[in-house]
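Chemist: What shape does this take:
(one chain, ligands or ions: 1)
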Amino acid sequence: VTIPATIEWRNGAIRLVDQRALPQRLKFRTCRSVDDLCDAITTLTIRGAPALGAAGAYGVAVAAHTMRTKRQVEAAARKIASTRPTAVNLAWGVDLALDAFRRDGAAGALLEADRIATEDVARNQAIGSSGAPLIPEQANVLTHCHSGSLACVGYGTALGVIRAAAEQGRRPHVYVDETRPLLQGARLTMWELEQLDIPATVLPDSASASLMAHGKVDVAIVGADRIAANGDVANKIGTYAVALAAREHGVPFYVAAPTSTIDLDTQTGADIAIEERGATELGPQFEGRAYNPAFDITPARLITAIVTEVGVARPPYRRSLPSHVQRAKEAVTPHS
Ligand code: MRU
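Modeler: This next block holds a predicted model:
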């Protein structure tokens, strides 16, 4: 497979795949400072909830290696965490690395970031094995946005489930929403599926409801940026519309995400901050008269199940999600 690691530490700096350049070019960007990393996050050079978790942790490692005082590192950590508000993984990664920095200094922060990055891949493979049985033989699977290897450190979440199903010989075919306005589906999901040799068809977001009405979709599966305690899910704008159409047409609608995306402190989707992005993504002429939210909330009642690295959570989510979080905690080796 020719998909490189999304993010890694190289020669004292962070090396990222530049996700804006794909699919035309596979190129890398090196971030040597906190400001540089914050710019990479806000411009979506690196994006996707689990990838942002690793980026946040490596960002604290860069801060710890380049700044002189503890207060400077703490201020940098706050700055990194505030670059994008919706994906809870960003603050999660920042907090873990900051705790490690407070315990063990710069080396501790880097070790923690490396641990998060390594575990991300293993976690996503576990999500894949939990979720693959939900994908029937030769299924037509609809997905929205991009939840593949490059949205994580490796392997992918919702796309990881499809990938695991393909590895098991189930021969899925994927319908890929192009995902306006930044086209993560058309650019990134289509590119990754091509690398993986999984057949895929791209469609405008507005075509997914009629595709379901024509009986062409067996299951829908997406990733998540934050999952509230009641099972409401924040994900890329347009996800809610997919879930509504899926309900209307009797198509199972699954969400796949690591337990680090579950935020039990957030009670419902109404409490999740939704990032609004600039009008220029729709066209510079719309400055001052554009509505461009990056995410929406899919209510728990439209979600058939939530796949995590410890299994398949079913409704009622207020009961199943805390148990997944607990089981994931027990599965990791505690700090020495
Ligand atoms: O704005 P983005 O591209 O960061 O949004 C990403 C998504 O909405 C993904 O579906 C989500 O992060 C899950 S990625 C495994």
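
Chemist: how much space is there between Tyr317 and Pro136?
Modeler: Separation of Tyr317 from Pro136 (C-beta to C-beta, to the nearest Å): 24 Å. C-beta here means a position set from N, CA and C on the backbone, and glycine is covered the same way.

Chemist: So between the two, which is more surrounded?
Modeler: Tyr317 (23 against 14; other C-beta atoms under 10 Å).

Chemist: so who does that one touch?
Modeler: Counting by C-beta atoms under 8 Å, 6 or more residues apart in numbering, Tyr317 touches 229-231, 300, 303, 306.

Chemist: Is the closest residue in space to Val202 that isn't next to it in sequence in a helix, a strand, or coil?
Modeler: Counting by C-beta to C-beta, 6 or more residues apart in numbering, Val202 lies nearest to Val176, which is 4.9 Å off, once chain neighbours are set aside. Assigned with DSSP: H, G, I helix; E, B strand; the rest coil, Val176 falls in the strand class.

Chemist: For burial, what's the neighbour tally of Val176?
Modeler: Counted with other C-beta under 10 Å, the neighbours of Val176 add up to 25.

Chemist: Bridge partners for it, pull those for me.
Modeler: Val176 forms beta bridges with Thr143, Val202, as assigned by DSSP bridges.

Chemist: about what we covered before: narrow the contacts of Tyr317 to those in strands?
Modeler: Among the contacts of Tyr317, the ones falling in strands (DSSP state E) are Ile306.

Chemist: The ligand: which of the contacts of Tyr317 is nearest?
Modeler: In terms of C-beta to the nearest ligand atom, no member of these lies closer to the ligand than Ile306, at 12.6 Å.

Chemist: mind listing what that closest one touches?
Modeler: Per C-beta under 8 Å, 6+ apart, neighbours of Ile306: 224, 227, 231, 233, 254-257, 312-313, 317, 320-321, 324.

Chemist: change it to 6 Å
Modeler: For Ile306, the contacting residues are 255, 313, by C-beta atoms under 6 Å, 6 or more residues apart in numbering.

Chemist: buried sites along stretch 68-79?
Modeler: For stretch 68-79, a neighbour-count test (16 or more other C-beta atoms under 10 Å) marks 73-74, 76-77, 79 as buried.

Chemist: Out of these, which sit inside helices?
Modeler: Judged by DSSP state H, the buried residues of stretch 68-79 include 73-74, 76-77, 79 as members of helices.

Chemist: Take those and write them to TSV, including distance to Gly169 and pLDDT.
Modeler: Putting those into TSV (distance: C-beta to C-beta, whole Å; pLDDT from 0 to 100) gives the following:
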residue	distance to Gly169	pLDDT
Val73	49	98
Glu74	50	98
Ala76	47	98
Ala77	45	98
Lys79	47	98
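
Chemist: ok, and of those, which contact the ligand?
Modeler: Among these, proximity to the ligand is found for none (C-beta under 6 Å from any ligand atom).

Chemist: By proximity to the ligand, which residue of the stretch 151-300 of the chain wins?
Modeler: As assessed by C-beta to the nearest ligand atom, the ligand sits closest to Gly223 within the stretch 151-300 of the chain, at 2.7 Å.

Chemist: Count the neighbours of that residue for me.
Modeler: Using other C-beta under 10 Å, Gly223 has 32 neighbouring residues.

Chemist: right, is the longest helix seen in the chain up against the ligand?
Modeler: When the chain is scanned for its longest helix (criterion: DSSP H), the result is helix 88-131. No. Helix 88-131 does not reach the ligand (C-beta under 6 Å from any ligand atom); its nearest approach is 8.0 Å.

Chemist: and that helix, what does it pack onto?
Modeler: Helix 88-131 makes packing contacts with helix 49-66, helix 70-81, helix 158-167, strand 305-308 when contacts are defined by 3 or more C-beta pairs under 6 Å, 6 or more residues apart in numbering; DSSP states H and E.
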